[in-house]
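1. Take this sequence and fold it.
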Amino acid sequence: MASKKRKTGGGGRGGGDTANHASISLIDDDDMDDVMNQPAVDQERKEEEEEEESSDGGEEVEEAKEEGSKSRDKLWDDPTHDEMKGLKETELLYKSSLLRLEMNELQSEVEVDYTKLGPLEEWLHSFKSILEKLPRVAIKDKGLDSLYTVKGQTFEFLPPTQVELVGSFLLRTLVKPDLSVDVAVEMPSSCLHPKDFLNGRFFYKRNLYLSHLAKALSPSDKSLVESVTFSRSGYHRSQLVLVLKPRSLSGLSSKFLVKVFVCPPADFFPLQRFRPTRNNFRSQDGDISLEPPTPHYNAMMAEEQRLVAHLQVLHAEFSQCQALVDAALLLKVWVRQRCINHSHDGINGFMLSMLLVYLVQSRTISRGMSSYHMLRAAFVFLSKRENLEGGIHLTPSEEAKVTVEEAMEEFRGRYPAVLLDQSLAVNVLSRLSHSSLSELTHEARAAVLCLEQDLRDGFTPLMLSRVSLLCKYDEILMIDVEDEDEDRKKLGAERPGGGDWKEAIGFEREPGMSNAQAMETSVLTVLEKALGDRMHFARIFPDRSEDAHMFLSEKVTGKRGGNSVLLDSYETLEAAAGRNGWAASGNRRIFVGLLLNEETSTRKIDRGPSADDA
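-> Now for the predicted structure:
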């Protein structure tokens, strides 16, 4: 290999002579090695430069490869503590992982995202400001003269002293698609008389107050309200609620309704006046000591006064446990899917929430349980009729004036189901009838079977499938109820066989109770006595024509004149509430559904005791 010669300094001639001599190498051995390795080094440098140039463009690809590798490795990691707890809980409680997945998916479908309800909360603040700024109005109403001995009574409308949110919205237990916000409006004490708890006076004044609110909130171009209607919250036609449809809620207007409940001040009427042994609906003539007790009317009055107090109890428990909120959501879905709350005497969401509070306070369930475990415990408790018939109560508070034993002795037997609140003076389950309690326990037993037995798909009929009200029963009866005067015109002074039809079915109406409620109770009593164990229970179908919302007429909105806008509006509401149906004046049809006992319904004869035992 020819060596590379180094040029030397000097003139042209000297340089040329040096070049002609034998070549002398000026490079040592180490330098020779470097020269020999130079091509490899250059190649390495070239590769490094190419890698550096391509590294910037391939960082994302490399990161994606690393993440994919980590995710694949994570699949084979040991389960965490939470994952082991969930797997064990699924194995012990849910019977199958599919059941748990279905319940979680159902809960995500029906629960409300409260983080997106900012416009609704702003609307509620504006609505509260409007109510608090309503002007003071003195109103003359002829209907007040029939309630008081002193004639010329006037009703003075004053803005509410308090406007509070109550119900499911504040507890975060709203269930889609029926979304409503309950607002409790407290009447000023100056609008009431201390004796207004007698003979329905408070309900009359409350409806006057509601009518004026409806007029003040009537829809207009600048109004916050798109529509104003009335709805009934109970059996009696005087139990009215103002239903508002908000305006301009950024897509929420079509989803939410606002229900306005008017209530008296919390301590205005003494709770002891509403105990079931007292009479608060008296006849004009007669000895007060001989008047029968009015437990259902008393319960109506007590409910109106305890709205905020009950909310405080519920909020204290539900705010501490998210699983309790989830259990309430699932119970509400169950009640709706099984059509248990289709009538005024059925159980509702408020009653279910209070039952959950009782189960927590009685340590039947604990805050450490899952929502499924709480749901199952509630089904087991409701499946035993004696639990509610025997009477239960919340933890008594300082406002309780009697002992638990005295309160239970007073309430048992006067209501089909008893759940006393913290005051031991109010039965939360006073609306439940014997037939609705039978339906509730029957459905709870079926729910327990679905959850306990290893059914392939027990969750679908329990929670996902909506039961048709017509298909739920084996037999449906239609009963024509005629007015007593019309009945006598058709059949003469006496009925075939003698006696009156009311006497034949044992019709008795408690003072202050609506005729419809008394009539339905009597019909169900006759059916239960006649069929006995041949049926599980009988239920009255709701009358859709009477239960529909009552829209405001022109009189209520003030477009027509009259002696008194409020008087006209009240009478209009009374007529819209179904005066003929609920007052039993005129023809009315009652539809009754019968769920028969498949083992005994076809029995041809009921045998009595043997002759030896006679």
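
2. Residue 227 is in contact with residue 246, correct?
-> No: between residue 246 and residue 227 there is no contact under C-beta atoms under 8 Å: 9.6 Å. Using the backbone N, CA and C atoms, a C-beta is placed for each residue, glycine as well.

3. More neighbours: which of the two?
-> Legend: neighbour count by other C-beta atoms under 10 Å for residue 246 and residue 227, higher for residue 246 (23 against 15).

4. Which residues are in contact with that one?
-> For residue 246, the contacting residues are 120, 123, 127, 224-226, 252-253, 256, 258, by C-beta atoms under 8 Å, 6 or more residues apart in numbering.

5. Show me the strands in the protein, by range?
-> Residue ranges of the strands in the chain, as given by DSSP state E, are 137-140, 154-157, 162-166, 179-186, 225-232, 240-246, 256-263, 392-393, 419-420, 475-481, 535-540, 550-551, 588-596.

6. Let's test this: mean pLDDT of the fifth one, rounded?
-> To tie it back to what came earlier, the one meant is strand 225-232. What strand 225-232 shows for mean pLDDT is 87.

7. Also the longest one?
-> Here the mean pLDDT over strand 588-596 is 87, rounded to a whole number.

8. Let me know the angle separating that strand from strand 535-540.
-> Here strand 588-596 runs at an angle of 160 degrees relative to strand 535-540 (axes from the mean of the first three to the mean of the last three C-alpha atoms, to 10 degrees).

9. Show me what strand 588-596 is packed up against.
-> The contact analysis (3 or more C-beta pairs under 8 Å, 6 or more residues apart in numbering; DSSP states H and E) places strand 588-596 against strand 475-481, helix 515-531, strand 535-540.

10. Identify the residues contacting that strand?
-> Here strand 588-596 makes contact (C-beta under 8 Å, 6+ apart) with 442, 469, 472-482, 516, 519-520, 523-524, 527, 531, 534-541, 580-581.

11. if you set the cut-off to 7 Å instead, what comes out?
-> Contacts to strand 588-596, defined as C-beta atoms under 7 Å, 6 or more residues apart in numbering, come from residues 472-481, 520, 523, 527, 534-541, 581.

12. Any of the residues you listed buried? List them.
-> 472-473, 481, 520, 523, 527, 535-541, 581 (16 or more other C-beta atoms under 10 Å).

13. For the contacts of residue 246, which entry has the maximal number of neighbours?
-> In terms of neighbours by other C-beta under 10 Å, the contacts of residue 246 top out with residue 123 at 23 neighbours.

14. can you pull the contacts of that residue?
-> Counting by C-beta under 7 Å, 6+ apart, residue 123 has contacts 224, 246, 249.

15. If we use 6 Å, what do you get?
-> 246, 249 (C-beta atoms under 6 Å, 6 or more residues apart in numbering).

16. And for stretch 153-161, what's in contact with it?
-> 131-132, 134, 136-141, 144, 185-186, 188, 191, 208, 212.

17. for stretch 249-265, same thing?
-> Outside stretch 249-265, the residues that touch it by C-beta under 6 Å, 6+ apart are 119-120, 123, 179-187, 189, 206, 209-210, 241-244, 246, 304-305, 307.

18. so how far is it from its chain's centroid?
-> How far stretch 249-265 lies from its chain's middle: 14 Å, per C-alpha atoms, centre = their mean, to the nearest Å.

19. likewise stretch 155-169?
-> 21 Å.

20. Can you give me the buried ones in that stretch?
-> Across stretch 155-169, burial judged by 16+ other C-beta under 10 Å covers 155, 157-158, 160, 162-169.

21. pLDDT of it, averaged?
-> If you average the pLDDT values across stretch 155-169, you get 91.

22. Then stretch 267-280?
-> 92.

23. what does it rub up against?
-> 189, 197-198, 291, 293-295, 297-298, 301-302, 410-411, 414, 423, 425.

24. Kindly export that stretch (C-alpha atoms) in PDB.
-> C-alpha atoms of stretch 267-280 as PDB (Å, rounded to 0.1, in the frame of the first residue of the first chain):
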ATOM      1  CA  ASP A 267     -94.700  25.600  64.300                       C
ATOM      2  CA  PHE A 268     -97.900  27.400  63.600                       C
ATOM      3  CA  PHE A 269    -100.300  24.500  64.300                       C
ATOM      4  CA  PRO A 270     -99.400  22.200  67.300                       C
ATOM      5  CA  LEU A 271     -98.600  18.700  66.100                       C
ATOM      6  CA  GLN A 272    -100.400  17.100  69.000                       C
ATOM      7  CA  ARG A 273    -103.700  18.300  67.400                       C
ATOM      8  CA  PHE A 274    -103.100  15.900  64.500                       C
ATOM      9  CA  ARG A 275    -102.800  12.700  66.500                       C
ATOM     10  CA  PRO A 276    -105.100  10.000  65.000                       C
ATOM     11  CA  THR A 277    -107.400  10.000  68.000                       C
ATOM     12  CA  ARG A 278    -108.300  13.600  67.600                       C
ATOM     13  CA  ASN A 279    -111.200  15.100  65.700                       C
ATOM     14  CA  ASN A 280    -110.600  18.100  63.500                       C
END
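
25. quick one: buried residues of it?
-> By neighbour count on 16+ other C-beta under 10 Å, the buried set for stretch 267-280 is 268-269, 271, 274-276, 279-280.

26. could those residues be laid out in TSV, adding distance to residue 202?
-> Output for the buried residues of stretch 267-280, formatted as TSV (distance: C-beta to C-beta, whole Å):
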residue	distance to residue 202
268	9
269	8
271	14
274	11
275	17
276	18
279	16
280	10
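
27. Could you find the closest non-adjacent residue to residue 219?
-> Spatial nearest neighbour of residue 219, excluding adjacent residues (C-beta to C-beta, 6 or more residues apart in numbering): residue 225 at 5.5 Å.

28. Show the contacting residues for the one you found.
-> 217, 219, 244.

29. hmm, try it at 8 Å
-> So residue 225 contacts 217-219, 244-247 (C-beta under 8 Å, 6+ apart).

30. what's the distance between it and residue 215?
-> Separation of residue 225 from residue 215 (C-beta to C-beta, to the nearest Å) stands at 12 Å.

31. Buried residues, stretch 303-315. List them.
-> The neighbour-count check on stretch 303-315 (16+ other C-beta under 10 Å) flags 303-311, 313-314 as buried.

32. In helices, which of those fall?
-> Counting by DSSP state H, the buried residues of stretch 303-315 place 303-305, 307-311, 313-314 in helices.

33. For residue 359, grab the count of nearby residues.
-> Neighbours around residue 359, by other C-beta under 10 Å: 19.

34. That one contacts residue 365, correct?
-> Yes: in this structure residue 359 lies within contact range of residue 365 using C-beta under 8 Å: 4.7 Å.

35. Find residues that contact each of these two.
-> Jointly contacting residue 359 and residue 365 under the rule C-beta under 8 Å, 6+ apart are 374, 377-378.

36. I'd like those residues laid out as TSV, including pLDDT.
-> Below are the shared contacts of residue 359 and residue 365 laid out as TSV (pLDDT from 0 to 100):
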residue	pLDDT
374	92
377	94
378	96
